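Participant: have a look at this prediction, sequence included:
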Amino acid sequence: MALKRGIVELEEYNPKWADDYKKEEKLLKEVLGDEIIEIHHIGSTSIPGLKAKPVIDILIVIKSLNDIDKIEEILKNYDYENRGQQGVSDRYFFAKGSEDARTHYIHFVEPNSNTYYNQVYFKKYLIEHPEYIKKYCDLKQELASKYANERPKYTQGKNEFITNVIKLAKEEYDD
């Protein structure tokens, strides 16, 4: 399981991804300890039946993004690179593995941030509404065929779908 940076390559859902997540979760809890408030398997590899790029996405809630330098110092010993905020102001993004073999992504957020709710709600909504898994799968396949070597265009092509699902999720889950 690994993917070259910038490439779009989808695989059928693999139950092994849950095991890969659990293994990494265990490591992260050991090395980050009390820095972690919550940790979640997110993204397409966390949703049974959904095709995905074979990279495990992890959401970690920390007290403050001001602690990111301390976390970066710890994680660089485990092949993680701080890739900055990547245009998302309430998140820090870390990638594990070389540019030719990415294996894990971590999204660090603070409690109750927009990114936190967007990630958690998106996953929950897809799992509870399987018809959206099929729609998302079809869209991802179409975009992957079109933009196999243009990851930014592939990602941009998913934005409208993701935004709509998050809107539906917020309508359903917010009190």
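Facilitator: Arrived safely, thanks for sending.

Participant: and the strands in this protein?
Facilitator: 36-42, 56-62, 80-82, 91-96, 104-109 (DSSP state E).

Participant: ok, which of the ones you listed comes nearest Glu171?
Facilitator: Closest of the strands of the chain to Glu171 is strand 36-42, at 20.4 Å (criterion: CB to CB). The C-beta positions use only the backbone N, C-alpha and C, and glycine is treated the same way.

Participant: show me what the mean pLDDT comes to for the closest one.
Facilitator: Strand 36-42 carries an average pLDDT of 98.

Participant: how about it: buried residues?
Facilitator: Neighbour-count burial for strand 36-42, counted by 16 or more other CB atoms under 10 Å, picks out Ile36, Ile39, His40, His41, Ile42.

Participant: now do the contacts for Val120.
Facilitator: His40, Ile42, Leu59 (CB atoms under 8 Å, 6 or more residues apart in numbering).

Participant: ok, Ile68 next?
Facilitator: Per CB under 8 Å, 6+ apart, neighbours of Ile68: Ile62, Asn82, Tyr92, Phe108.

Participant: so how many other residues sit close to the closest residue to the second one other than its chain neighbours?
Facilitator: Just to be clear, that refers to Asn82. Nearest non-adjacent residue to Asn82, counting by CB to CB, 6 or more residues apart in numbering: Glu72, 4.6 Å away. When neighbours are defined as other CB atoms under 10 Å, Glu72 has 15 of them.

Participant: adding distance to Asp174, write the strands of the chain out as CSV.
Facilitator: Formatted as CSV, the strands of the chain follow (distance: least, CB to CB, whole Å):
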stretch, distance to Asp174
strand 36-42, 19
strand 56-62, 19
strand 80-82, 32
strand 91-96, 21
strand 104-109, 18
